[in-house]
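[1] Okay, predicted coordinates and the sequence, questions at the end:
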There are 2 protein chains.
Amino acid sequence: LERALTIAICGLGTVAQGVLELLRNNASVIAARSGRPIRVRHVASRSEKPGVDLLGAAFTTSLDSTIEDPEVDVVVELIGGEEAADLLVRRALSAGKSVVTANKAIIAKHGDAYLRLARDAGVAFCFESAVAGGIPIIGALTHGLAANRVRWLAGIINGTSNYILTAMAQSAQPFAVALSDAQALGYAEADPTFDIEGIDAAHKLTILASLAFGVGFRFDDVYTEGIDTLNIEDIEYARQLGYRIKHLGIARLVAQGVELRVHPTLVPEKHMLASVDGVMNAIMIHADAAGDTLYYGAGAGAAPTASAVVADIVDIAKGTAVPWLPATHEDSGLRVVNMKDIHSGYYLKIPSLDKPGVFARAATILSEHEISIEAVIQKEQAVHHETDRAWVPIVILTHEISEGAMDKAISALEALPDVVGPIKRIRVEHFADV
Amino acid sequence: LERALTIAICGLGTVAQGVLELLRNNASVIAARSGRPIRVRHVASRSEKPGVDLLGAAFTTSLDSTIEDPEVDVVVELIGGEEAADLLVRRALSAGKSVVTANKAIIAKHGDAYLRLARDAGVAFCFESAVAGGIPIIGALTHGLAANRVRWLAGIINGTSNYILTAMAQSAQPFAVALSDAQALGYAEADPTFDIEGIDAAHKLTILASLAFGVGFRFDDVYTEGIDTLNIEDIEYARQLGYRIKHLGIARLVAQGVELRVHPTLVPEKHMLASVDGVMNAIMIHADAAGDTLYYGAGAGAAPTASAVVADIVDIAKGTAVPWLPATHEDSGLRVVNMKDIHSGYYLKIPSLDKPGVFARAATILSEHEISIEAVIQKEQAVHHETDRAWVPIVILTHEISEGAMDKAISALEALPDVVGPIKRIRVEHFADV
């Protein structure tokens, strides 16, 4: 029998506890698949948790001691947060330890540095658990689709947002009610900013795009919009038009470079992503040889995340984790496309005075900006949640046009005397290759 | 730079041509991800194909010469068929070559022998392309879900059957018309037996179950039923009951062992598998830590299959293919459950005389066999495709019961004087953990 793989688990939150539980419950299958036992030598955290089985590991409050121990092969970073976690990962890699981490925020920001450190030390840097929890999406990109050039990927990669949008769509709950329900159920944090403003999804998109396109970890270049400006009315109009509204992370290779964007999106109701509900995640990848593939599952939770953390540990144990991640695309100097240059269809909700000729004037302005209309919702079909309001919404679905042209058209529309407020714009995705 | 990985491609059919094309078109990304170039040294087939770029390889009609060449690292078996392919794989592994194959039939029958040969020789035996084409499902089971005990998996793993069922459901085409359309489009073979009788799906289920449960390759133990007995009427009744009919491969861990079965199945319309249409494949896996994950994509075609073949080659090139597959479950001596002992819900279509009291008598017999009724389709809702027939169908959906009990109930029902023909039975799946 080969010697055990020795690991240190840093952090003792819900994911770390899930990892300890999984290593205990499935010890025999994990050892069989690893070809050798996994031994937890240290568990490092601020304070011990009574009742948590440390599997015989020594508890320590010193992260340093795990790095300094020459017996430790792998440091599992599950402390969360950013500064201390970043320091831990850098020090562990520099000390020649392989690192497994679920920390999407630090990878999205410092992933390039981590990969360089891992390469220089000849150790593995693994993060299957950082994106979409139990779905093995990192493996799909780095192994299963290794022969492909990825054209685009699009994913529902924030379970909290998807839970809220599903509740709004299926139970007609206003955003605030759906959010507080999600908080009560533990699907949203007390401070839900990262989830509902799209930052968490932007972290994950950064990681996916880096692997798919070899553009590096470009978190600062991701255009990010959350779900906090959506209301039930938009969801209902979208449904009338044959769409669902989903919060998507989209990365797409186009002539000018790579689009990186996170925003609410109208998805055709027959598309697989439209039927991904509740806290579930799914990512569709369009690649040149494999075509469309989709990966669906639980995006969060202690057990699914632990499943991915331990999968990385098993890969390291059996020697099938790449010592460092290979280049995923030619180092082509791909640039991130400016948001003004992306092309998309648009859903527009124009708050207008209920007078004759308003739609005709709006249509003329769109036409002047070379924007063609795909569908319109007539006034009679309009949803009136506020029956006393003095305006009616004109809802228009447009064909594809550049964001820059749409910006100008919206400015012109908002300057119309009949338009009484800001125009709501939601992008529409048809998942076409460009 | 490391030395090139040298491969021999055996076969020159559509998949082999797809592999050559992919190796040429994506040479730079493939080399970058492999860490070294892939060199095709031999292409072996019965006859050369004019116009096919062999990438500088020597063409040969001798399979032996590829095995005997000490320069060759990997033999890629794409000759198809069974006897010659089986011999090639055994000889290549024995000669210390790693083997990549898309040949599900020989793996389903001889996989255990191949894995032993690979283990003894310390080489890799890879078959990502053998199941579900471009979907990296083998990687999901062997890497992504390595920390899990799989509870069950269920998949649409034959694109031809799914195409035919989709056409029957969406265009009300009779089976024979949908089949001949599928043949015209190249989705079905001239002799469609393997696809429509479920044999191809049984090959793939054998492979998935072997990886998921460590039961070995038990093709002969798979219960197999095809789609050739389904008609539009069944699909329409299922729809009225809230279900779609899909041809599924199901493997499930139960107290008595592992269920292995391939048959048409009623799937709740809201389930993700219900919306997988046309030639697409999808597999849902329920595992103890990751929960439900689903993998969707093209199950066949030259490019998707080539994508998986080359993914295996890349894994071998960069050293991340396991030299041989590890045990995937405890060697627990799991047995394959006898079909009489499986539990399922059932759709029953009982051809009956149009007389009062028939349904009551049928319900009494089911009750005597402790089978409870979930739903019934009333006579008035019945679909009459043959308006001149002298009987009416009674359609009943039952709760879960053992297949053995259902067999007895069906015999008793068929003995009723009011029942005028054989009873159609289709199993119903709710994807519950047992």
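    In hand now; what should we look at? Residues are numbered from 1 along each chain as shown, chains lettered A, B, ... in the order given.
[2] Next, the buried residues of stretch A:249-262.
    A:Gly249, A:Ile250, A:Ala251, A:Arg252, A:Leu253, A:Gly257, A:Val258, A:Glu259, A:Leu260, A:Arg261, A:Val262 (16 or more other C-beta atoms under 10 Å in any protein chain shown). All C-beta atoms are positioned from the backbone trio N, CA, C, and that covers glycine.
[3] among the residues you listed, which are in strands?
    Among the buried residues of stretch A:249-262, the members falling in strands are A:Gly249, A:Ile250, A:Ala251, A:Arg252, A:Leu253, A:Gly257, A:Val258, A:Glu259, A:Leu260, A:Arg261, A:Val262 (criterion: DSSP state E).
[4] among the residues you listed, which are within reach of chain B?
    Applying C-beta under 8 Å from any C-beta of the partner chain, the subset of those adjacent to chain B is empty.
[5] I'd guess A:Leu266 is in a strand, am I close?
    Yes: using DSSP: H, G, I helix; E, B strand; the rest coil, the assignment for A:Leu266 is a strand.
[6] where does the stretch 101-250 of chain A come near chain B, residue by residue?
    Residues of the stretch 101-250 of chain A lying near chain B (C-beta under 8 Å from any C-beta): A:128, A:133-136, A:139-140, A:142-149.
[7] got the contact list for the residue nearest to A:Ala287 when sequence neighbours are not counted?
    Setting aside the residues directly before and after it, A:Ala287 is nearest to A:Asn148 in space (C-beta to C-beta, 6 or more residues apart in numbering or on different chains), at 3.5 Å. By C-beta atoms under 8 Å, 6 or more residues apart in numbering or on different chains, the contact set of A:Asn148 is A:Ala287, A:Asp288, A:Ala289, A:Ala290, B:Asn26, B:Val29, B:Ser307.
[8] Wait, a helix at A:Glu374?
    No: per three-state DSSP, A:Glu374 lies outside any helix segment and is strand.
[9] need the contact list for it.
    A:Gly345, A:Leu397, A:Thr398, A:His399.
[10] Could you tell me which ranges of chain A sit under the pLDDT cut-off?
    A:1, A:325-332, A:379-389, A:433-434 (pLDDT under 70).
[11] Could you double-check that A:Glu128 sits in contact with A:Pro136?
    Yes: A:Glu128 lies in contact with A:Pro136 (C-beta atoms under 8 Å); the separation is 6.3 Å.
[12] what sits in contact with each of these two?
    In contact with both A:Glu128 and A:Pro136: A:Ala308, A:Ala311, B:Gly144, using C-beta under 8 Å, 6+ apart.
[13] hey, C-alpha coordinates of the top helix by length along chain A in PDB?
    If you go by DSSP state H, chain A has its longest helix at helix A:104-121. In PDB, the C-alpha atoms belonging to helix A:104-121 read as follows (Å, rounded to 0.1, in the frame of the first residue of the first chain):
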ATOM      1  CA  LYS A 104     -13.900  31.900  -5.600                       C
ATOM      2  CA  ALA A 105     -13.300  35.500  -4.600                       C
ATOM      3  CA  ILE A 106      -9.600  35.100  -4.100                       C
ATOM      4  CA  ILE A 107      -9.200  32.900  -7.200                       C
ATOM      5  CA  ALA A 108     -11.100  35.400  -9.300                       C
ATOM      6  CA  LYS A 109      -8.700  38.100  -8.200                       C
ATOM      7  CA  HIS A 110      -5.400  36.400  -7.700                       C
ATOM      8  CA  GLY A 111      -5.800  33.100  -9.700                       C
ATOM      9  CA  ASP A 112      -2.900  34.000 -12.100                       C
ATOM     10  CA  ALA A 113      -0.500  34.500  -9.200                       C
ATOM     11  CA  TYR A 114      -1.600  31.200  -7.600                       C
ATOM     12  CA  LEU A 115      -1.100  29.300 -10.800                       C
ATOM     13  CA  ARG A 116       2.400  30.800 -11.200                       C
ATOM     14  CA  LEU A 117       3.300  29.800  -7.700                       C
ATOM     15  CA  ALA A 118       1.900  26.300  -8.200                       C
ATOM     16  CA  ARG A 119       3.900  25.900 -11.400                       C
ATOM     17  CA  ASP A 120       7.100  27.100  -9.900                       C
ATOM     18  CA  ALA A 121       6.700  24.700  -7.000                       C
END
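[14] Residues touching that helix, excluding its own?
    Outside helix A:104-121, the residues that reach it (C-beta under 8 Å, 6+ apart) are A:82, A:85-86, A:89-90, A:93-96, A:98-99, A:101, A:124-125, A:127, A:130-131, A:200, A:202-204, A:206-207, A:210, A:216-217, A:219, A:323-325.
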